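Q: Using only what follows, build the 3D model:
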Amino acid sequence: MRWLTNRIKIWIDGAAADAVAKAMPKPEPKVSLPALDILVEKHGYGRTLQEKVPVAADGSPIPWYTYPAVEFFGQLDARGLRIFEFGCGNSSLFWAHKGAEVFAVEHDRAWFEKMSAMSVRLRQLVLRESAADYARAIADAGDEFDIIIIDGAWRNECARAALPHLRKGGCIILDNSDWYIDVAEFLRTREFLQIDFSGFGPINNYCWTTSLLVPATCVLNAHLNHPRPIGGVEVGKGATW
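A: Coordinates of the predicted model:
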């Protein structure tokens, strides 16, 4: 009988040990420090939080796009490109520093005055405080543009105003396309192929989507789903700025 008693004791001790192990909190998975270094140091996320404006690790201005989009556009040679931007900011400076001829419109007077002092490289920066005047600023600038950026106020109106002034073969950049579902859908119905860059970007603590829309009659266009970036913010249809 002693062997049976010993076996029961071993079984009870083992079960108790299992119960204790299950009750103990599991250690948190270790965060990959190299991954954080890439975001905070190499992309400049730490510096942009300190300065409260979108900047690269070296302090140079970058657009308030997602980092995948910033990387893509950063490797482009923008010399000779004619760009119109709805909504000015560090993106305007970024494109101007890359050699583009930049025209921009702003709706906020205080921000316009601040940017005016920093935008000596811009071809033109105008203030338009109503939706109609803001959208019409691209027509007032004259001629056609290689890139039109929709990243400010009244984006539905701007998308419609942009199309007649886009040069053949030109493209459109739409930021926050995961929020502005109506704007993205409108452009896709005009035979633009939407290429999404989702992920983290400067300042924000969530992910979002910056989209490049290129003119194309492509079979993929009818099969695309609206972007939902991992870690993003769910926003309903018809978001407003």
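Q: Packing partners of the strand or helix carrying residue 156?
A: Take DSSP states H and E as the rule and residue 156 turns out to sit in helix 155-162. On a contact count with 3 or more CB pairs under 8 Å, 6 or more residues apart in numbering; DSSP states H and E, helix 155-162 meets strand 82-86, helix 131-141, strand 145-150, strand 166-175, helix 181-189. Every residue, glycine included, has its C-beta placed from N, CA and C.
Q: Point out the one among the ones you listed that comes closest to residue 202.
A: Relative to residue 202, the nearest member of the helices and strands packed on helix 155-162 by CB to CB is strand 166-175, separated by 11.7 Å.
Q: End to end on stretch 102-110, go ahead and measure it.
A: Stretch 102-110 has its terminal residues 20 Å apart, counting by CA to CA, to the nearest Å.
Q: re the thing from before, give me the residues contacting the helix holding residue 156.
A: 84, 86, 131-132, 134-136, 138-139, 148, 150, 152, 172, 174, 180, 182-183, 186-187, 241 (CB atoms under 8 Å, 6 or more residues apart in numbering).
Q: Just the buried residues of those.
A: Neighbour counting with 16 or more other CB atoms under 10 Å marks 84, 86, 134-135, 138, 148, 150, 152, 172, 174, 180, 183, 186-187 as buried within those.
Q: Redo the helices and strands packed on helix 155-162 as CSV? Include distance to residue 46 and mean pLDDT.
A: Shown next, in CSV, are those (distance: least, CB to CB, whole Å; pLDDT from 0 to 100):
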stretch, distance to residue 46, mean pLDDT
strand 82-86, 27, 97
helix 131-141, 34, 98
strand 145-150, 26, 96
strand 166-175, 22, 94
helix 181-189, 31, 96
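Q: Among these, which comes closest to residue 214?
A: Distances from residue 214 to each of the helices and strands packed on helix 155-162 were compared using CB to CB; the minimum, 4.8 Å, belongs to strand 166-175.
Q: CA atoms only: put the closest one into CSV for me.
A: Taking only C-alpha atoms (Å, rounded to 0.1, in the frame of the first residue of the first chain), the coordinates of strand 166-175 have been written out as CSV:
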residue,chain,number,x,y,z
LEU,A,166,-4.4,67.2,-63.7
ARG,A,167,-1.9,66.8,-66.5
LYS,A,168,-2.2,63.7,-68.6
GLY,A,169,-0.3,61.0,-66.8
GLY,A,170,-0.4,62.9,-63.6
CYS,A,171,-1.3,61.5,-60.2
ILE,A,172,-3.2,62.5,-57.0
ILE,A,173,-2.1,62.0,-53.4
LEU,A,174,-4.9,61.7,-50.9
ASP,A,175,-4.0,61.5,-47.3
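Q: Return the member of the buried ones among the contacts of helix 155-162 nearest to residue 164.
A: When the buried ones among the contacts of helix 155-162 are ranked by distance to residue 164 (CB to CB), residue 138 comes first, at 8.7 Å.
Q: Can you list the low-confidence ranges for the chain?
A: Within the chain, the stretches with pLDDT under 70 are 1-32, 217-224, 230-231, 236-241.
Q: now the strands for it?
A: Counting by DSSP state E, residue ranges of the strands within the chain are 82-86, 101-106, 124-127, 145-150, 166-175, 192-199, 208-215.
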